[in-house]
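Asker: coordinates for the following, if possible.
(one chain, ligands or ions: 1)
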Amino acid sequence: MASGSAVEERDRRLMALALAQARLSLAWEDVPIGAVVARGEEVLGRAGNQRERLRDPTAHAEVLAMRAAASALGSWRLDGCTLYVTLEPCAMCAGAAVLARLPRVVFGASDPKAGFAGSLGDLLRDPRLNHRAEVVKGVLAEESSEVLHQFFQVRRGRGLGASVDSPRRRAGADERDRLESG
Ligand code: ZN
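Answerer: So this is what the prediction gives:
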């Protein structure tokens, strides 16, 4: 179906923007997860995970992107918007998407350890709630999980107690530069 592929094409394009936000999170050593809220082609909010940077347990990419979009729209209701996020939303973010009345959520990689958009539970499509969203998964999933995989590999490589200027840390920074430019 032609319209279907046009939507898929747009989903991939906007997920690529979310992925760019994920890579930005590496600059402040946050787990690289990125999100975008868009209405059609119009990007209303975008953010990377800032939990470490802001020392805020709720500063997930999705929450920050939804806040930016609500601010841009001047409304807490994100009618007609789609949330794009590189990793399956957690319970908090899926809950926030329901509260924002987001009609559509698109994510990249599944999160079997914390995902609440189908993995551990499904807050986005729970018939008992007063709002349900369409969920599309697996968009740029490989790229989304690859950036996470590399982040954790680098972090493990540094080991515990590595000093700030250790060669291991430098190797991590180099990896990060490579990720950011890629
Ligand atoms: Zn979350």
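Asker: so which bits of stretch 81-92 are buried?
Answerer: Going by neighbour count (16 or more other CB atoms under 10 Å), the buried part of stretch 81-92 is 81-90, 92. All C-beta spots, glycine's among them, are computed from the backbone N, C-alpha and C.
Asker: endpoint to endpoint, it covers what distance?
Answerer: The straight-line separation of the ends of stretch 81-92 (CA to CA, to the nearest Å) is 19 Å.
Asker: and what of stretch 101-117?
Answerer: Note: stretch 101-117 ends 15 Å apart using CA to CA.
Asker: what comes up buried for that stretch?
Answerer: For stretch 101-117, by 16+ other CB under 10 Å, it's 101-111, 115-117.
Asker: now do the longest helix anywhere in the chain: distance to the chain's middle.
Answerer: What stands out as the longest helix in the chain, according to DSSP state H, is helix 2-25. Centroid separation for helix 2-25 versus its chain: 11 Å, with CA atoms, centre = their mean, to the nearest Å.
Asker: ok, residues contacting it?
Answerer: When contacts are defined by CB atoms under 8 Å, 6 or more residues apart in numbering, helix 2-25 is touched by residues 31-36, 38, 40-41, 43, 46-50, 53, 61, 65, 82, 84-86, 106, 108, 136, 139-140, 143-144, 147, 179-180.
Asker: show the buried residues in the residues you listed.
Answerer: Buried among those by 16+ other CB under 10 Å: 31-36, 38, 43, 46-50, 61, 65, 82, 84-86, 106, 108, 136, 139-140, 143-144, 147, 179.
Asker: the helices in this protein, which residues?
Answerer: Per DSSP H, the chain carries helices over the ranges 2-25, 51-54, 61-73, 91-99, 141-158, 167-181.
Asker: the inter-axis angle of the first one versus helix 61-73?
Answerer: Between the direction of helix 2-25 and that of helix 61-73, the angle (axes from the mean of the first three to the mean of the last three CA atoms, to 10 degrees) works out to 110 degrees.
Asker: low-confidence ranges, this structure, go.
Answerer: 1-3, 160-182 (pLDDT under 70).
Asker: let's see that with 80 instead.
Answerer: Residue ranges of the chain with pLDDT under 80: 1-4, 159-182.
Asker: contact residues of it facing the ion?
Answerer: Neighbours of the ion within the chain, by CB under 5 Å from the ion: 60, 90, 92-93.
Asker: that older thread, any chance of the helices of the chain in TSV, plus distance to Leu124?
Answerer: What follows is the helices of the chain, written out as TSV (distance: least, CB to CB, whole Å):
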stretch	distance to Leu124
helix 2-25	16
helix 51-54	22
helix 61-73	12
helix 91-99	5
helix 141-158	17
helix 167-181	29
